[in-house]
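J.: pasted the sequence and its predicted model underneath.
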Amino acid sequence: MRNPIKHISIACILSGLVIMAADAAEPYTHQPPSHSAPPAIPVFPPARDKWQYNLFHPTPRSLMREMSTDRPDKTESAYTVDAGHFQIEATLVQFGVDTWNAEGEKVWGINAGNVNLKVGLTNNADFQVVVENYLYERVRTDGSTVKKSGFGGIQTRLKVNLWGNDGGTTALAVMPYINWPTNTDGFGNKKVEGGLVIPLAVELPWGFGMGMMTEVDFVVRDVSGCGVDFVNSITFSRNIIGNLAGYAECYTLLPDTGIAPIVTLDVGLTYAFTVDILLDVGINFGVTEAAEDFNPFAGFSMRF
């Protein structure tokens with residue numbers, strides 16, 4: 001199952017969520033955050049000179065842009081966390097079901113507590129640490145069942161917005177990343193890997209927002225050595241009613257060898273609980289045989 005990651009106690013996260021909700025004294029009317037996918041169309045404030053702010057000189061609340069997240073869709077956001085502020089994006093639970101894959105296996109799995117921890121370094125750059133906290137997989141083949149569970153990998157990423165962070169109808173970013181082989185119990189190949197993600201956000205008419213992403217992954221294959229995976233996705237989003245928004249997405253992963261491609265169609269809903277807390281649910285449907293049949297999930301994002 002492909003999704004972000006982080007090393008934080010779920011109990012601590014939920015406690016923080018409850019405390020922040022209790023502090024929200026006044027009712028909140030949602031304005032869609034500036035994100036390539038959920039929820040909906042970017043709302044761009046007038047461009048401001050914010051380059052003097054950094055990790056040690058945080059952006060004032062009055063100048064912060066609306067919260068933008070890299071979840072719940074697979075298309076990454078083109079926007080960064082404001083300088084000197086922190087953001088948590090967490091998968092509470094995600095299930096993966098694949099009934100009889102290309103190898104004749106029936107696979108059932110769980111991701112739980114995966115988190116993406118972000119910190120704004122400058123007005124146009126943030127640093128991210130993605131941690132897969134808990135993975136479980138059950139594989140059944142010809143009457144035999146193999147189970148495994150453990151810790152996943154850690155990914156570090158640096159997102160740099162090239163334009164559109166604080167205004168305009170488009171936004172573009174680049175995000176190099178490195179995967180560190182911290183996985184246990186056979187999850188992953190115990191190799192250092194990396195790649196580059198290029199996300200684009202576009203404001204569309206009639207309240208729609210569009211996000212597109214191109215990604216190049218340099219991977220180590222078990223048999224054929226090093227290889228390259230090419231990822232592309234496109235997502236459309238819109239507010240539905242009040243603070244509720246939705247998105248629909250197409251995602252493709254094409255290896256450079258004879259390995260079968262992965263294609264999914266994804267849909268989801270987000271609800272802006274406050275300006276700093278976003279809840280989400282969704283499901284990804286596999287289109288090709290190499291993709292899992294479906295992945296339902298639930299999660300949230302929180303900004304400090």
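T.: Here it is on my side, so go on. Residues are numbered from 1 along each chain as shown.
J.: where does the protein have low pLDDT?
T.: Within the chain, the stretches with pLDDT under 70 are 1-48, 101-103, 223-224.
J.: could you pull out the strands for it?
T.: 86-98, 106-122, 125-131, 134-141, 144-150, 154-163, 170-180, 193-203, 208-221, 225-241, 244-255, 262-274, 277-286, 294-303 (DSSP state E).
J.: so which of the ones you listed gets nearest Thr69?
T.: In terms of C-beta to C-beta, the element of the strands of the chain nearest to Thr69 is strand 294-303, at 4.5 Å. Glycine gets a C-beta too; all of them are placed from N, C-alpha and C.
J.: from Thr182, how far out is Leu63?
T.: Leu63 is 37 Å from Thr182, where distance means C-beta to C-beta, to the nearest Å.
J.: again with Arg138
T.: Going from Arg138 to Thr182 by C-beta to C-beta gives 22 Å.
J.: between these two, which has more neighbouring residues?
T.: The residue with more neighbours, out of Arg138 and Thr182, is Thr182; 17 against 14, by other C-beta atoms under 10 Å.
J.: that one contacts Ile154, correct?
T.: Yes - Thr182 is within contact range of Ile154, at 4.9 Å (criterion: C-beta atoms under 8 Å).
J.: buried set for stretch 208-226?
T.: 209-213, 215, 217, 219-220 (16 or more other C-beta atoms under 10 Å).
J.: can I get those residues in TSV with distance to Lys159?
T.: Shown next, in TSV, are the buried residues of stretch 208-226 (distance: C-beta to C-beta, whole Å):
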residue	distance to Lys159
Gly209	18
Met210	19
Gly211	14
Met212	16
Met213	12
Glu215	13
Asp217	16
Val219	21
Val220	24
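J.: check these and tell me the two furthest apart.
T.: Gly209 and Val220 (35.8 Å).
J.: including distance to Gln52, could the strands of the chain go into TSV?
T.: Shown next, in TSV, are the strands of the chain (distance: least, C-beta to C-beta, whole Å):
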stretch	distance to Gln52
strand 86-98	20
strand 106-122	10
strand 125-131	14
strand 134-141	41
strand 144-150	45
strand 154-163	17
strand 170-180	21
strand 193-203	25
strand 208-221	29
strand 225-241	32
strand 244-255	33
strand 262-274	28
strand 277-286	28
strand 294-303	21
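J.: out of the buried residues of stretch 208-226, which comes closest to Gln87?
T.: When the buried residues of stretch 208-226 are ranked by distance to Gln87 (C-beta to C-beta), Gly211 comes first, at 17.7 Å.
J.: done for today, thanks.
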